[in-house]
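S.K.: please work out how this folds:
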Amino acid sequence: MPAFKTLDDLADITGKVALVRVDLNLPMKDGSATDVTRVEAVRSTILELCEKGAKVLLLAHFGRPGGKRSSVLSTSMVVGDVERVLGKELMFIPEVAGPVVEQSIDILRNGEIGLLENTRFWPGEEANDPNFAQAIAAHGDFFVNDAFSASHRAHATTVGLAQYLPAYAGRAMEKELKALDAALGNPEPPVAAVVGGAKVSTKLAVLENLVGKVQHLIIGGGMANTFLAARGVNVGKSLCEHDLTDTATKIMDEADHAGCTVHLPYDVVVAKEFAPNPPSVRTCNVHEVAEDEMILDIGPGATEALADVLKTCRTLVWNGPLGAFETEPFDTATMTFARHVAALTQEGSLVSVAGGGDTVAALAQAGVADDVTYISTAGGAFLEWMEGKELPGVAALSA
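M.R.: Numbers count the residues shown, from 1 in each chain. Next comes the predicted model:
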């Protein structure tokens, strides 16, 4: 893992201005946030800087305004939600650089917080324009990146600022990087990876990276059907990318050469229609799927076999459900597997790192979200990390 500085490396910062990149891109309904997980994630960083007497300026994007001002995409929309989570008042500052920001810093007392306008209102943000980054940097004494979820983007406020100011990882970023290092960077073997979801095409780079890094690759969701078809299984009406069976075969061959076992289900749950509890649901061997049936979950035998594999592993990376978990009874395998993961993590035999929207939702649905080692809420950044890509915002911290 590249070396990076954390808040522990900051000396006396009383009266200093901290420019802190956070993710406040919150889902909204009727003017308030429906989920404040992202604010909760950065709470400790913000409050720690306040307690140490810094003036804290928060930098964030909100939606996709495309380099233009938009009243409905102003970060002022989230002020109330952020204040509630932090338990502190914010000063909203309708610019990101210039005299208005300078005057606002003069008004802020040590330990107080300002929220700057949506960084994406300026084209210089997404272009990582050095002049734009310098204009923002001129107001700060140091830069803290606490937005892992935005760090796969080489933008002015994720990469540019680190070139003009001393840069540090915030507490959420530090926690995320340590968890990811423990999962794939420098994990304790044997390592298992679960990759699920509808399509192989969206996870190709992930699969190709993982076969060389893990000892067990568990494939679930609609993706498993493409791999089963590649092995000559008739998958009926199941979701399947038949044009990618050669690619699936190639991945399985690469896994063989690398000493990685690919796990596919040998029993499955099928139905003639995809609906809650349809009358036609049955469990069968993968070779017994009828032409008018679709595979919607892996079966109890395969689920138990995967639980046995987990017992032999020390590390697990999980991205994507095993079946169509949003619809009963096709949530059974994912829920059962999630509880096995939680139990092994709690007894100390497994380090478990999960990420991606569906996986996070599945763990919450199983009631075990607090029982795994780490959950990453960073969608795109988590996937790019699983693909083995260097994330620009993370690389900038160690530059």
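
S.K.: domain map for the protein?
M.R.: If you go by automatic domain parsing, the domain ranges for the chain are 7-171, 187-386.

S.K.: which of the ones you listed sits closest to G393?
M.R.: When these are compared by CB to CB, domain 7-171 sits nearest G393, at 2.8 Å. Glycine gets a C-beta too; all of them are placed from N, C-alpha and C.

S.K.: what is the least confident helix or strand in this protein?
M.R.: Among the helical and strand segments of the chain, the one scoring lowest on mean pLDDT, DSSP states H and E is helix 379-386, with a mean of 85.

S.K.: output the contacting helices and strands for the following helix or strand past it.
M.R.: Under the assignment DSSP states H and E, the closest C-terminal helix or strand after helix 379-386 is helix 392-397. Contacts defined by 3 or more CB pairs under 8 Å, 6 or more residues apart in numbering; DSSP states H and E place helix 392-397 against strand 142-145, strand 167-169, helix 171-180.

S.K.: list the pairing partners of the first one within its sheet, with orientation.
M.R.: When you say that, I think you mean strand 142-145. When pairing is defined by DSSP bridges, strand 142-145 lines up against strand 17-21 (parallel), strand 167-169 (parallel).

S.K.: looking at the ones you listed, which is closest to R231?
M.R.: strand 167-169 (43.7 Å).

S.K.: hmm, back to that, pipe the domains of the chain into CSV and attach distance to A395 and mean neighbour count per row.
M.R.: Below are the domains of the chain laid out as CSV (distance: least, CB to CB, whole Å; neighbours: other CB atoms under 10 Å):
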stretch, distance to A395, mean neighbour count
domain 7-171, 8, 19
domain 187-386, 12, 19
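
S.K.: out of those, nearest to V394?
M.R.: domain 7-171 (5.2 Å).

S.K.: show the end-to-end separation of that closest one, please.
M.R.: This stretch, domain 7-171, spans 7 Å end to end (CA to CA, to the nearest Å).

S.K.: that domain - what's its average pLDDT?
M.R.: The average pLDDT for domain 7-171 rounds to 96.

S.K.: check stretch 310-325 too.
M.R.: 95.

S.K.: quick one: that stretch to chain centroid distance?
M.R.: 15 Å (CA atoms, centre = their mean, to the nearest Å).

S.K.: now the least confident helix or strand of the chain against helix 171-180, angle please.
M.R.: Angle of helix 379-386 versus helix 171-180, following axes from the mean of the first three to the mean of the last three CA atoms, to 10 degrees, is 40 degrees.

S.K.: give me the helices and strands touching helix 379-386, please.
M.R.: On a contact count with 3+ CB pairs under 8 Å, 6+ apart, helix 379-386 meets helix 204-210, strand 315-319, strand 351-355.

S.K.: and the next element down the chain from the longest one?
M.R.: Spelled out, it's helix 204-210. strand 216-219.

S.K.: quick one on the thing from earlier: do you know which of the helices and strands packed on helix 379-386 lies nearest T75?
M.R.: Using CB to CB, the helices and strands packed on helix 379-386 put strand 351-355 closest to T75, at 25.3 Å.

S.K.: so which residues make contact with the closest one?
M.R.: Residues from elsewhere that reach strand 351-355, judged by CB atoms under 8 Å, 6 or more residues apart in numbering: 179-180, 182-183, 187-188, 314-319, 341-342, 344-345, 360, 363, 372-379, 382-383, 386.

S.K.: which residue comes closest to T119 once chain neighbours are left out?
M.R.: Nearest in space to T119, with sequence neighbours left out and distances taken as CB to CB, 6 or more residues apart in numbering, is E125 at 4.5 Å.

S.K.: need the contact list for that neighbour.
M.R.: H61, G67, T119, F132, H155, A156, T157.

S.K.: can I get the helices and strands packed on helix 379-386 in CSV including distance to G111?
M.R.: Shown next, in CSV, are these (distance: least, CB to CB, whole Å):
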stretch, distance to G111
helix 204-210, 43
strand 315-319, 39
strand 351-355, 34
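
S.K.: so which of these is nearest K88?
M.R.: Nearest to K88, of those and by CB to CB, is strand 351-355 at 29.5 Å.
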